[in-house]
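# okay, here's the prediction I keep looking at, along with the sequence it came from:
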Amino acid sequence: MQGRTVDSDDQAHRRVLEGLFWLRNVAVAAQLAVLLLVVVGLKIQLQALPILLVIAALWLWNLVLGQRLDRRWPVTAAEIAVNLVVDMLALGALLYWSGGSTNPFVSLFLVPVALAAAFLPVRYIVLVLLLAAGLYTVLLWRYVPLAPVGSRFGGDFNLHVWGMWASFILSAVIAAVFVRRLARVGQRREREVAELRARLMRDEHIVSAGALAAGVAHEMNTPLATIGLLAREVAEAPDDTAQVVADADEILRQVAHCKSRLKRLQQRAGGGGGQAAGPLLTVALEDWAALRADVAVDFDLALDAMPPFAAVDDLAMALVNLLDNAADASVEGGRPEVAVEARYAGGELRVAIDDHGRGLSPEQLRRAGRESFSSKAEGLGLGLVLSHATLERIGGRLTMTNRAGGGTRVTVRVPVPETSDDGE
């Protein structure tokens with residue numbers, strides 16, 4: 001369902017307030033009808049004027065609410081609670097002038113309590129409940145008694161029973177309408193949440209593939225640059241057979257690496273599957289080292305215990321980008337050496353990459369991984385950004401610090417549960 005989103009709290013609250021608006025219109029009409037029936041039809045003596053004033057005040061409040069609903073101001077739970085309080089105060093006033101707790105319609109106090117329980121947070125439910133209980137308690141002692149009706153209707157108690165019946169019917173209808181409305185809203189939101197969850201899963205797969213593609217493109221920047229350099233050497237010394245053969249072999253190695261990465265990108269369907277992630281990660285790091293003959297790499301890897309991990313391909317891509325940055329920094333610093341230490345223990349992978357470059361300024365450390373920048377003349381400035389984004393997506397984190405002896409240390413921590421389901 002393209003373009004549909006899950007209802008916001010404001011939309012849900014607005015529908016509840018609109019329901020209260022229409023329910024109050026019905027209530028005002030019903031109150032006038034009951035007053036007319038009691039005074040004219042049943043000839044029961046009531047103080048009609050104060051009752052009419054309460055009904056009129058409630059009707060005016062509803063007119064104001066109708067005008068408010070025409071505005072697109074946000075509707076809050078507090079506003080719904082205020083309207084329920086107004087309804088209870090109006091009901092309390094009507095009952096005060098018509099028998100108080102002896103009036104069979106006193107059970108209507110349950111309606112706002114039920115509505116609050118269905119739509120409002122706990123603090124407002126407690127408020128409405130306490131107010132309903134307080135008003136009922138006051139009406140036990142303070143009210144204007146109903147005039148006796150004698151035996152015309154089977155006695156006062158019989159009339160009270162009929163009143164209780166009418167109150168039950170009214171309460172049941174209101175409860176049924178609002179509960180049904182609530183159920184329909186809940187069902188619609190469940191459907192929309194399910195659709196949104198499915199769409200997010202699809203989007204996550206697309207974003208993951210896109211991030212991997214961007215990482216592969218960034219990773220290929222190095223072999224392509226190497227290929228270009230070797231091609232220039234061949235062009236400048238075409239008669240040096242030994243140099244041409246060596247350069248051609250290196251070009252073929254770099255091309256094979258690019259084809260391998262493109263094939264992995266094409267065939268990627270969920271990362272490492274059921275294979276242990278440690279050997280896969282070790283091979284990826286060693287393949288990278290084989291292509292960076294210009295840098296001496298000191299590996300200290302302890303990854304044999306690392307279990308299957310669905311995001312191992314994303315992780316490898318992020319680490320290769322970081323290693324490329326470290327290697328380039330070391331070459332520029334005049335000491336082409338990179339040290340890599342990787343440990344898996346206690347459900348967490350920890351990787352530390354040390355270079356021998358010039359280090360980073362405080363401003364560069366602040367921006368690293370969050371903004372695209374490069375300290376290299378021909379750098380794309382994407383490596384750290386891609387690595388940072390990839391690690392965040394798989395639940396990892398990246399930190400960078402300047403080393404005391406010069407250069408930079410990049411530390412990567414990624415949670416890899418020992419009983420991971422990710423590969424299933």
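Received, thanks.

# residue 75: how many residues sit nearby?
The number of residues packed near residue 75 is 21, by other CB atoms under 10 Å. For the C-beta atoms, the positions are set from N, CA and C on the backbone; glycine is no exception.

# which SS state does the nearest residue to it once chain neighbours are set aside fall under?
Closest residue to residue 75 apart from its sequence neighbours, by CB to CB, 6 or more residues apart in numbering: residue 13 at 4.0 Å. At residue 13 the chain is in helix, as set by DSSP: H, G, I helix; E, B strand; the rest coil.

# same check on residue 353?
Classification of residue 353 using three-state DSSP returns strand.

# quick revisit: let me know whether the residue nearest to residue 75 touches residue 81 as I believe.
No. Contact criterion CB atoms under 8 Å: residue 13 and residue 81 do not qualify, at 10.5 Å.

# mind checking how far residue 232 is from residue 251?
Counting by CB to CB, to the nearest Å, the gap from residue 232 to residue 251 is 11 Å.

# more crowded one of those two?
Neighbour count, other CB under 10 Å: between residue 232 and residue 251, residue 251 has more, with 18 against 11.

# and that one, that's in a helix?
Yes. When classified by three-state DSSP, residue 251 is found to be part of a helix.

# surely it and residue 227 touch.
Yes. With contact defined as CB under 8 Å, residue 251 reaches residue 227; the gap is 5.4 Å.

# ok so, going back, burial measure for the residue nearest to residue 75, as a count.
Neighbours of residue 13 under the rule other CB under 10 Å: 20.

# who touches it in this structure?
Counting by CB atoms under 8 Å, 6 or more residues apart in numbering, residue 13 touches 74-77, 79-80, 119.

# filter those residues down to the buried ones, ChimeraX style.
Here is the ChimeraX selection string for the buried members of those, based on 16 or more other CB atoms under 10 Å:
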select :75,77,79,80,119
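
# all strands of the protein, in order?
296-302, 337-345, 348-354, 397-402, 408-415 (DSSP state E).

# who's in contact with the longest one?
Right, strand 337-345. Contacts with strand 337-345, where a contact means CB under 8 Å, 6+ apart, come from 278, 281, 285, 295-303, 305-306, 323, 326-327, 330, 349-356, 416.

# just the buried ones from these?
For the contacts of strand 337-345, a burial check counting by 16+ other CB under 10 Å picks out 278, 281, 285, 295, 297, 301, 303, 306, 323, 326-327, 330, 349, 351-356, 416.

# could you chop the chain up by domain?
The chain breaks down by automatic domain parsing into domains covering 9-147, 275-424.

# where among those is the average confidence lowest?
Looking at these, the lowest mean pLDDT belongs to domain 275-424 (a mean of 81).

# what's the spacing between that domain and its chain's center?
Averaged C-alpha coordinates place domain 275-424 at 29 Å from its chain's average position (CA atoms, centre = their mean, to the nearest Å).

# before we move on, back to that, okay if I get the domains of the chain as TSV plus distance to residue 256?
As requested, the domains of the chain are exported to TSV (distance: least, CB to CB, whole Å):
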stretch	distance to residue 256
domain 9-147	56
domain 275-424	10
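
# which parts of the stretch 1-150 of the chain are helices?
9-36, 48-69, 77-96, 110-119, 122-141 (DSSP state H, counting those that start in this stretch).
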